[in-house]
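S.K.: Quick check, what structure comes out for this input:
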Amino acid sequence: MMIFPRFTFLLLMVLLTPTAAMATPRLVLQITIDQLRADMPNRVRQHWGTGGFRYLYDDGLVYSNAYHAHANTETIVGHTTLATGAYPSVHGMVGNLWYDRDQQRVVYNIEDPAYALLSANADVDRNTEIDPTQRAAKNDGRSPGAIRVSTLADEIALAGNGKARVFGISVKDRGAVAMAGHAGKAFWFSKASGEFVTSNYYYDRYPKWVADWNSARPAHQYSQQQWSLSLPESAYHFADEAEWETDFPGYGNTFPHAFGKADGKYFTTLLTLSPVGDALTADFAKALIDAEQLGTDNVTDYLSVSFSSVDYVGHLFGPASRESEDNLIRLDRTLADLLGFIDQKIGLQHVLIVLSSDHGSPEVAGRLNAFNVPAGNIPLAGWPQAEVNRALQTALGLSTSPIQAVSWPYVYLDHALLAREGIDRLTAANAVAAAAASLPGVLEAVVTSDLPTDVSRPDYLARVANNQAAGRSGDIYLVSMPHWFVADFDGLNVASAHGSPWTYDTHVPVIFAGNGIRPGQVNRQIETVDVASSIAARLGIKPPSGAVGRILPEIMKDN
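M.R.: Residues are numbered from 1 along each chain as shown. Prediction:
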């Protein structure tokens, strides 16, 4: 009988143990990059530094075939899906806007009159030209009250029994609120004041560190500055000017882009239409980590950082523009700076990092046309026109239009009118769908009450079904043809707009890194609902209440 030395025996025992206990992270850092289509970081790979995208892609676990499985790929929808692990049909956030039948108006997703902003001078942003969804809000109150299920942040707070510190920050209020959930605390950038603000849902008054950060007015350092190229012109793949780029007043569509004076009407808006928006967000995140002492004990904390500049720049100039290219190069540096700071303060071995995006991005219609790819803009403004309404009235025997509201991609019928006139809703919906299907760029007008019950197929009807939430979704869902979109933002014609069920809008990166995550690339197709369930499994806590995602087995293995 061979006798092993004690050291050899112990070594064999370790090697033969199937899975050693995984280290519990001190911090979960969830990074969401707004409008980051999965292929976009690789467009600037040759310019990556050492600590940003390169760290995540080379030292992280990369899921290269990840998709959102809902149809309306907008900011609040994607963020809440990542936060809850549920489809919009369950979490309820079906769009940035939806028609509320009780209030008889279109509402903004997180508006809440019960919870006003703490800053009197930071009410609903005056500069909404590039983000007109805020115009629908009738008050400046903000809360997560409309989210119907718990979020990952909520579950981390519950597991910590009040000791976990849970935060969400973003330039966009909806990007911060959705990820912070009901139990966390959210901060977002106010274009009205140039500060990071919150509502009294979260605090009665600002913490001193927030008041101090805002008092320093860090945004004002960019007064009279401009966004210039970070590399020589020869280093860029895309041209600096194209006819389809938006020429925003005072900003232009060629480098350099001037911000103007700090007291200018659009100064803070222009900062967010550049890499500065992400830089300010990262700086605020570092101040929060320091002041709130995240990751300094054995109770897992949570921080969501949602970067918005890729989205704003993409809308204005398109993803295949020199602006988008330079913005990604600068974002790489911002990520490296933030992760370097966290490594110094906490140690990345103690931080579980998760990066994804709320949606992707279409190429600009004009650019696609130049390559002979059919594409165009859907002329939704003013639809249904008077002649369409008259035709519908004739078809249904009505004296008034059966359409109560249109909030893309939904059409809402006037249920009360139909009931009074004794007209079957399905009959009316089919008549309206037939009229809507004649819109240029509309592939199909789907009557939502007639959706197939088998939604397991990976096609656009399954994604429409996953977007259908009782009381919020409309009677008809307008599915755009591939490469067609609504580019009119209340009069401002943008270069591109997301929101479709097609792959360019649904394909996003999903990357796990830090905390012993084993590096590698997985090409198996996954869904974004898998993210929250998988993080919860790695933490050993229960998943969010509406989560339907599968646990990704690769993240349960330590390096």
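S.K.: can you give me the strands for the stretch 101-250 of the chain?
M.R.: Remark: strands assigned in the stretch 101-250 of the chain by DSSP state E, counting those that start in this stretch are 105-108, 166-170, 185-190, 195-197, 226-227.
S.K.: Now render these as CSV, adding distance to A86, mean neighbour count and mean pLDDT.
M.R.: Every residue, glycine included, has its C-beta placed from N, CA and C. Shown next, in CSV, are the strands of the stretch 101-250 of the chain (distance: least, Cβ to Cβ, whole Å; neighbours: other Cβ atoms under 10 Å; pLDDT from 0 to 100):
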stretch, distance to A86, mean neighbour count, mean pLDDT
strand 105-108, 20, 18, 96
strand 166-170, 17, 27, 98
strand 185-190, 19, 26, 98
strand 195-197, 28, 26, 98
strand 226-227, 38, 18, 98
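S.K.: wait, which of these is closest to D59?
M.R.: Nearest of the strands of the stretch 101-250 of the chain to D59, taken as Cβ to Cβ: strand 166-170 at 24.5 Å.
S.K.: Give me the contacts around that closest one.
M.R.: By Cβ atoms under 8 Å, 6 or more residues apart in numbering, the residues outside strand 166-170 that reach it are 32, 153, 156-157, 160, 175-181, 183-189, 196, 281, 284-285, 288, 292, 294, 301-308.
S.K.: Let me have the strands of the stretch 101-250 of the chain in a markdown table, extended by distance to G52.
M.R.: Listed next are the strands of the stretch 101-250 of the chain as a markdown table, based on distance: least, Cβ to Cβ, whole Å:
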| stretch | distance to G52 |
| --- | --- |
| strand 105-108 | 33 |
| strand 166-170 | 18 |
| strand 185-190 | 21 |
| strand 195-197 | 22 |
| strand 226-227 | 19 |
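S.K.: Looking at those strands, spot the one closest to S234.
M.R.: In terms of Cβ to Cβ, the element of these nearest to S234 is strand 226-227, at 19.0 Å.
S.K.: now that closest one, how far from the chain's geometric center?
M.R.: Distance of strand 226-227 from its chain centroid, counting by Cα atoms, centre = their mean, to the nearest Å, is 25 Å.
S.K.: So which helix or strand of the protein has the lowest pLDDT on average?
M.R.: helix 6-16 (a mean of 38; mean pLDDT, DSSP states H and E).
S.K.: And T81, how close does it get to D204?
M.R.: From T81 across to D204, the span is 31 Å (Cβ to Cβ, to the nearest Å).
S.K.: which of those two has more neighbours?
M.R.: More neighbours surround T81 than the other of T81 and D204, with 30 against 6 (other Cβ atoms under 10 Å).
S.K.: Helix or strand next in line after the helix or strand the more buried one falls within, which one?
M.R.: Assigned by DSSP states H and E, T81 belongs to helix 75-84. Next in sequence after helix 75-84, counting helices and strands by DSSP H and E, comes helix 88-91.
S.K.: How far off centre is the lengthiest helix in the chain?
M.R.: Ranked by residue count, the top helix of the chain under DSSP state H comes out as helix 322-345. On the basis of Cα atoms, centre = their mean, helix 322-345 sits 18 Å off its chain's mean C-alpha point.
S.K.: same question, stretch 259-274
M.R.: 23 Å.
S.K.: Give me the mean pLDDT for that stretch.
M.R.: Averaged across stretch 259-274, the pLDDT comes to 96.
S.K.: Could you tell me the end-to-end distance of that stretch?
M.R.: Chord length of stretch 259-274, first to last residue, is 9 Å (Cα to Cα, to the nearest Å).
S.K.: One more: stretch 104-120?
M.R.: End residues of stretch 104-120 are separated by 28 Å (Cα to Cα).
S.K.: residues making contact with that stretch?
M.R.: Stretch 104-120 is contacted from outside by 76, 93, 95-100, 123, 133-134, 136-146, 173-174, 177-178, 190, 193, 195, 197-201, 203, 205-206, 404-405, 407, using Cβ under 8 Å, 6+ apart.
S.K.: So among the residues you listed, which ones count as buried?
M.R.: Buried members of those, counted by 16 or more other Cβ atoms under 10 Å: 76, 93, 95-99, 123, 133-134, 136-137, 140-144, 146, 173-174, 177-178, 190, 193, 195, 197-199, 201, 206, 404-405, 407.
S.K.: Show me the residues you listed that map onto helices.
M.R.: Among these, the ones falling in helices (DSSP H) are 76, 173-174, 177-178.
S.K.: pLDDT and distance to G540 added to the residues you listed, as CSV?
M.R.: What follows is these, written out as CSV (pLDDT from 0 to 100; distance: Cβ to Cβ, whole Å):
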residue, pLDDT, distance to G540
I76, 98, 29
D173, 98, 32
R174, 98, 30
V177, 98, 27
A178, 98, 24
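S.K.: picking up where we left off before, avg pLDDT for the longest helix of the chain?
M.R.: Helix 322-345 comes out with an average pLDDT of 98.
S.K.: ok and the helix or strand just after that helix relative to helix 75-84, angle-wise?
M.R.: Using DSSP H and E, the helix or strand that follows helix 322-345 towards the C-terminus is strand 351-356. Between strand 351-356 and helix 75-84, the angle comes out at 140 degrees (axes from the mean of the first three to the mean of the last three Cα atoms, to 10 degrees).
S.K.: got the end-to-end distance for stretch 159-175?
M.R.: End-to-end distance of stretch 159-175 (Cα to Cα): 23 Å.
S.K.: How far off centre is it?
M.R.: Computed by Cα atoms, centre = their mean, the chain-centroid distance of stretch 159-175 equals 16 Å.
S.K.: what residue ranges in the stretch 101-250 of the chain are flagged as low confidence?
M.R.: Applying pLDDT under 70 to the stretch 101-250 of the chain flags the ranges 121-130, 132.
S.K.: ok, now which ones touch V171?
M.R.: Residues near V171 by Cβ under 8 Å, 6+ apart: 188-189, 272, 277-278, 280-281, 306-309.
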